Structure formats: C-alpha cells, structure tokens
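Novice: structure of the sequence below:
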Amino acid sequence: MKAPKLRELGEAISNVFSKRFTTRFPFEPYDAPEAFRGNPVYDADRCVGCGACEQVCPARAIEMEDDPQTAKRVLTVRYTDCITCGQCEEKCIVDKGIYLTTDYLTATLDKSDEKNMNSVEKEMLICERCGALIAAIDHLRWLIERLGPYTYGH
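Specialist: Next comes the predicted model:
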C-alpha cells in the first residue's frame, strides 16, 4: 500500500523540477505560428469596399453600412463574433484587401470595445439623377483598371 504512494510522490517531485509543457500565457506573450488564422484586418489602401467579405461571412461578423447623407460605406468586422474561418480573405476580389493576422486575443467584458473590431470607410458614388448610392468609388476604379480598353466598349 505504501509503494503506490511513494511512486506518486516521486512523480510529483520530478514534475516540480522539470521543464513546463505549456506557456505561461497571461504573464508571457504567446507567438502564434505564421499559418495560424487569427483576427481579420482591413488594409485601407487595398480594400475597394465591394462587400464580398460581408456576403461570404458565415458568422455574420462583418457588417456593411451605407450612409446616403455622408455618401460613405463602412465595413466593420467584429472579432467577438468572428470564427476565423478565412472566407473573407479567400473570397476578397483584390489581393489582401482583408487578411488574417496571427493576433488572437478577443477576451473582453464589453462587446462594443474599439479594440475588438476593425473598420474601413470608403467613399460612395451618388447618382446625379435620383441621388441613390451606386457603388464605392474605389470599387469602380478597380473595375475600370481590370477591364482596361473594354471599359467603354459595347
């Protein structure tokens, strides 16, 4: 009966002096590997404001709001709702308009905290006749660049 207790005591003592298997997370930062899928971030220079990321997001973590008064489109990704599936990055029509980083911390007490979301704002084109919003100006410029000489053809 004493032998198992001595064996367990020996294991406990050896574990106290052995190397740790896990990181000391709250006290030491954890560096995620490059292939890790973390929080998505918009690149304001590359994003054209097309809204493809909002359409393919299965968790509905990306919102697109058009404001007719200011003629602005705001795309916002909420990290507290994001499941880091990578669909937004994969289906982005431009290269790296939105991309996944290795940042993974989303713990918060307030869901509306600014550090738990990322936004990009794009200027919209307004119809001269009816005043309706047509599309983001950067998106139209991207389309013109892609179409090249076919832009104004029939």
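Novice: low-confidence regions, this structure specifically.
Specialist: Scanning the chain with the threshold set as pLDDT under 70 gives 1-3, 111, 154.
Novice: next helix or strand past the lengthiest strand in it?
Specialist: Longest among the strand segments of the chain by residue count, using DSSP state E, is strand 117-126. Downstream of strand 117-126, the first helix or strand assigned by DSSP states H and E is strand 133-136.
Novice: can you pull out the strands in this protein?
Specialist: Secondary structure of the chain (DSSP E): strands at 40-42, 62-67, 72-78, 98-100, 117-126, 133-136.
Novice: direction included, what does the fifth one pair up with?
Specialist: Here strand 117-126 has these sheet partners by DSSP bridges: strand 72-78 (antiparallel), strand 133-136 (antiparallel).
Novice: name the residues of it that are buried.
Specialist: When burial is assessed from 16 or more other CB atoms under 10 Å, strand 117-126 yields the following buried residues: 117-118, 120-122, 124. All C-beta spots, glycine's among them, are computed from the backbone N, C-alpha and C.
Novice: just the last one next, same as before
Specialist: Neighbour-count burial for strand 133-136 flags 135-136 (criterion: 16+ other CB under 10 Å).
Novice: contacts for that strand next, please.
Specialist: 48-50, 66, 68, 71, 73, 122-127, 140 (CB atoms under 8 Å, 6 or more residues apart in numbering).
Novice: cheers, nothing more for now.
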